[in-house]
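Engineer: Turn this into a model:
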Amino acid sequence: MIGRLTGTLLEKHPPTICLDVQGVGYEIDVPMSTLYDLPDLGARVTLFTHLAVREDAHVLYGFLRAEERNVFRALIKVTGIGARTALAVLSGMSVQELASAITRQETALLMRVPGIGKKTAERLLLELRGKLGADIGAAPGSVPSGREDIINALLALGYSSAETQAALKALPEGVEISEGIRLALQSLSRH
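Structural biologist: Purely as a prediction, here's the structure:
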């Protein structure tokens, strides 16, 4: 498996780029989030890669950040989600937005991604629930599991995402779930 490549950026033809690695030009499909963050042509770049071997092709997918590759790998394990759809998801939302949508079970956010309908969005929410933990959701902005339960409780009580996030910021680190919910509700009742 090819896990990482470092080379000179030769071409950008969305969603494909060409990376020259010691005289070999690798064509790599990337999500738009990676494409936008790439340097100018001729610059050196390192990409985390995933090699998909199919009967008719070997396709390299590249990502500037390891967490994007981890999410890509989780997405393609979901029934009915192929590499193109996984790239579309990562092109349409950040890792943190995806983790948040799954935590909050927000089908509508996933349906904004081209190629994702209601059934596919529901399948993504179901199969990725709880899998955005240490290996995938450990990116900045992700939510620790105890806090995730507090968020879900507040959302179930009808509070908005903004209100929930504001209340969460006021909580001390390592607070127990029941105590966290109680403190968050006190904080929300003051506003």
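Engineer: So for the lengthiest helix in the chain, mean pLDDT?
Structural biologist: When the chain is parsed with DSSP state H, its longest helix is helix 177-190. When pLDDT is averaged along helix 177-190, the result is 85.
Engineer: Report the angle between the worst-scoring helix or strand of the chain on mean pLDDT and helix 177-190.
Structural biologist: Ranked by mean pLDDT, DSSP states H and E, the weakest helix or strand in the chain is helix 145-156, scoring a mean of 74. Using axes from the mean of the first three to the mean of the last three C-alpha atoms, to 10 degrees, the direction of helix 145-156 lies 40 degrees away from that of helix 177-190.
Engineer: List the buried residues of helix 145-156.
Structural biologist: For helix 145-156, burial by neighbour count (16 or more other C-beta atoms under 10 Å) applies to 147, 148, 149, 150, 151, 152, 153, 154, 155. Where C-beta positions appear, they are placed from N, C-alpha and C, glycine not excepted.
Engineer: What of stretch 67-87?
Structural biologist: So for stretch 67-87, counting by 16+ other C-beta under 10 Å, buried means 67-72, 74-76, 78, 81, 83, 85-87.
Engineer: Please apply the same query to stretch 88-100.
Structural biologist: Under the neighbour-count criterion of 16+ other C-beta under 10 Å, stretch 88-100 has 88, 89, 90, 91, 92, 93, 94, 95, 96, 98, 99, 100 buried.
Engineer: quick one: average confidence on stretch 160-172?
Structural biologist: pLDDT averaged over stretch 160-172 gives 80.
Engineer: quick one: contacts of that stretch?
Structural biologist: 100, 104, 147, 150-151, 154-155, 159, 180, 183-185, 187-188, 191 (C-beta atoms under 8 Å, 6 or more residues apart in numbering).
Engineer: Output the below-cut-off pLDDT ranges for this protein.
Structural biologist: 132-146, 191 (pLDDT under 70).
Engineer: Now do the end-to-end distance for stretch 60-69.
Structural biologist: Taking C-alpha to C-alpha, to the nearest Å, stretch 60-69 runs 12 Å from one end to the other.
Engineer: and the buried residues of stretch 67-87, which of them are in helices?
Structural biologist: 67-72, 74-76, 83, 85-87.
Engineer: In terms of secondary structure, what does the least confident helix or strand of the chain contact?
Structural biologist: helix 95-103, helix 161-169, helix 177-190 (3 or more C-beta pairs under 8 Å, 6 or more residues apart in numbering; DSSP states H and E).
Engineer: Determine which stretch of these is the most buried.
Structural biologist: Mean neighbour count (mean count of other C-beta atoms under 10 Å) peaks for helix 95-103 among the helices and strands packed on helix 145-156, with a mean of 22.
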